[in-house]
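K.L.:
need coordinates for the below:
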Amino acid sequence: MIKIMSVNAGSSSLKFKLFEMPEEKVITSGIADRIGHEDAIFSIKLLDGTSKKQILPIKDHARAVELLISALIDEHIISSLSEIKGIGHRIVQGGKYFSHSEILNEDTEAKIKELIPLAPLHNGAHLTAFKAFKNAVPDAGNVAVFDTAFHQSMEMEDYLYAIPYEYYEKYSIRRYGAHGTSHDYLSQIAKETYLKNVEHPSIITLHIGSGSSLCAIKDGKCVATSMGLTPLAGVVMGTRCGDIDPSVMPYIISQTGKTSQEVYDIFNFQSGLKGISGVSNDTRDIEEAMEKGNERAIIAAKMFARSIANYIGQYYVRLGHVDLLVFSAGIGENSSTFRKLIVEACKEALGLDLDEAKNLEYVHGKHGYISTKKSKIPMVVIPTDEELMIAKDVVKYLKLSD
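P.N.:
Numbering: from 1, shown residues only. Prediction:
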C-alpha cells in the first residue's frame, strides 16, 4: 500500500485527501475553507470516523498547509510524514505547455509561475501549497495535474476567439477552460452509474463553487466549456464577473483613473456575488442575507442562476440533446437553494422538473436524482472527486507500486 496525498487548492479553499493506493482507500480527508477570512474553517476526518473542526483565522494557503501537516501527526493519522510517497497538486492553468499531468520540478514550477496571470486566483496558491509540502515532506515526489488538460479535445471553432488570428499564433490566446479534472471525473461517474445503456452520452456538467464552470461533454470528451483564457470568463462567480463587454474596462479607466491592472483585479477579486451583493462571495452568507430580505443579495443570486441557465441552454444547442444534467462542487453539491434557482431559470425552455424533497435531501455528500420522472432531462447530484483523479495520476507519473 502506498500513501498518496492529493491537494486541491481552490481560490478560497484547500481540500485534501490522503489515499492508500492502488486500493483507493481514503485514510483521511478535510478542507481549509474560507481562506482569507477571520472565521475560516479547518476540518479533518480522524481515524475513528469522527471529524475535528476548528474556526480560526487562516491568512493564506501556506497557513492552511501548516494546519494540515500538524494535524496529520498530532491526531496520529500517520506516524511520520515520510510515509507519504507522493503528493499530487491540482493546477488550474497549464496554458500551451501541458496537455497532461507532469512531475513537478524546476521547469514545471517555472512554467506554472509564468502562467499566474492566466489564473491569478489559483496558480500562485498552487505553488504556495507545493512549496509548503516540499519543505515538510522533502522525500515525496510531486505531480502537477492540470485542469486545462481535459479541454484539449475542443475543436478550434470552440476554443478560438474572434480576434486577429496572429494573436493565437504568436501568443497562444485561446479558450483553455478550467476544472477539467472535475468535469472528467463527473463524466466518467455519470456514464458508469446513470447512463450505462446510452451508447453516445451527451452530458452537461455544472462544477459550481466559488469558481464555477460548465462543460458540454460528448462521448466522454469536452466539446465546450465556459471558462476562457483565464478562469475569469463564463458564468457569474464568487468574486469574478464572468462574461462581460470588453469595453467596460476602458470605460471604467476613463471614468475613475484606475489602471488596467487595478480594474482587472476588481473583475477578479471584487466582482461576482461579492460585488453585486455587497455581502460576501460565499453563497452561505448570500442565502442568510436573502432570508433577511437583502435585495442586493437576492439580485446577485438571480444573476448567478440566470448566467448558469444561459450556458445550459447554449450547450443544449451545441450538443443537440442532453442525456443528463450534473450538479457538483461546493454549491452544486450543497446548496439546494441555488440549485432550485438554476432549475427555475431554465425549466420552461428545457422541460426540467425538480423533485423538491430530493433536492433538499441531497446535500453534504449525498448523491442521486433530484429530478422527477416528468423531467425531460434527468438531473443528478454527483459529488466530485478531483482528489482521486489526482492520486491516480501521481501513481502513474511517479511510477509507484507496492
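K.L.:
how about the helices in the stretch 201-350 of the chain?
P.N.:
In the stretch 201-350 of the chain, the helices defined using DSSP state H, counting those that start in this stretch lie at 248-256, 260-269, 272-277, 283-291, 295-319, 329-334, 336-350.
K.L.:
just list what the fifth one packs against, helices and strands only.
P.N.:
Going back to what we said before, that points to helix 295-319. For helix 295-319, the contact count by 3 or more C-beta pairs under 8 Å, 6 or more residues apart in numbering; DSSP states H and E identifies strand 202-208, strand 212-218, strand 221-225, helix 272-277, helix 283-291, helix 336-350 as packing neighbours. C-beta: built from backbone N, CA, C; applies to glycine.
K.L.:
which parts of the last one are buried?
P.N.:
Of the residues in helix 336-350, those buried under the neighbour-count criterion (16 or more other C-beta atoms under 10 Å) are Ser336, Thr337, Phe338, Arg339, Lys340, Leu341, Ile342, Val343, Ala345, Cys346, Lys347, Leu350.
K.L.:
how about the fourth one, what does it touch?
P.N.:
Taking C-beta atoms under 8 Å, 6 or more residues apart in numbering as the definition of contact, the neighbours of Arg339 are Phe327, Gly332, Leu354, Asn359, Ile370, Val381.
K.L.:
phi, psi for the third one please.
P.N.:
The phi and psi values for Leu354, taken as degrees, to the nearest 10, are phi -90, psi 130.
K.L.:
list the contacts of it.
P.N.:
Neighbouring residues of Leu354 by C-beta under 8 Å, 6+ apart: Arg339, Lys340, Val343, Glu344, Lys347, Ile370, Ser371, Thr372, Ser375, Met379.
K.L.:
need those residues in CSV with pLDDT and distance to Glu75, can you?
P.N.:
Listed next are these as CSV, based on pLDDT from 0 to 100; distance: C-beta to C-beta, whole Å:
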residue, pLDDT, distance to Glu75
Arg339, 97, 34
Lys340, 97, 38
Val343, 97, 40
Glu344, 96, 43
Lys347, 94, 46
Ile370, 97, 35
Ser371, 97, 40
Thr372, 96, 43
Ser375, 97, 44
Met379, 98, 38
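K.L.:
quick check: mean pLDDT across the helix or strand that Arg63 is a member of?
P.N.:
Using DSSP states H and E, Arg63 falls within helix 61-74. In this model, helix 61-74 carries a mean pLDDT of 91.
K.L.:
send the alpha carbons of stretch 306-322 over as CSV?
P.N.:
The C-alpha trace of stretch 306-322 is given here as CSV (Å, rounded to 0.1, in the frame of the first residue of the first chain):
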residue,chain,number,x,y,z
ARG,A,306,-29.5,33.1,-14.8
SER,A,307,-25.9,33.2,-16.1
ILE,A,308,-25.7,29.4,-15.5
ALA,A,309,-29.1,28.8,-17.1
ASN,A,310,-27.9,30.7,-20.2
TYR,A,311,-25.0,28.4,-20.6
ILE,A,312,-27.1,25.3,-20.1
GLY,A,313,-29.3,26.5,-23.0
GLN,A,314,-26.3,27.2,-25.1
TYR,A,315,-24.8,23.8,-24.5
TYR,A,316,-28.1,22.1,-25.2
VAL,A,317,-28.0,23.6,-28.6
ARG,A,318,-24.3,22.7,-29.0
LEU,A,319,-24.9,19.0,-28.1
GLY,A,320,-28.2,18.6,-29.9
HIS,A,321,-29.7,16.8,-26.9
VAL,A,322,-28.8,16.2,-23.3
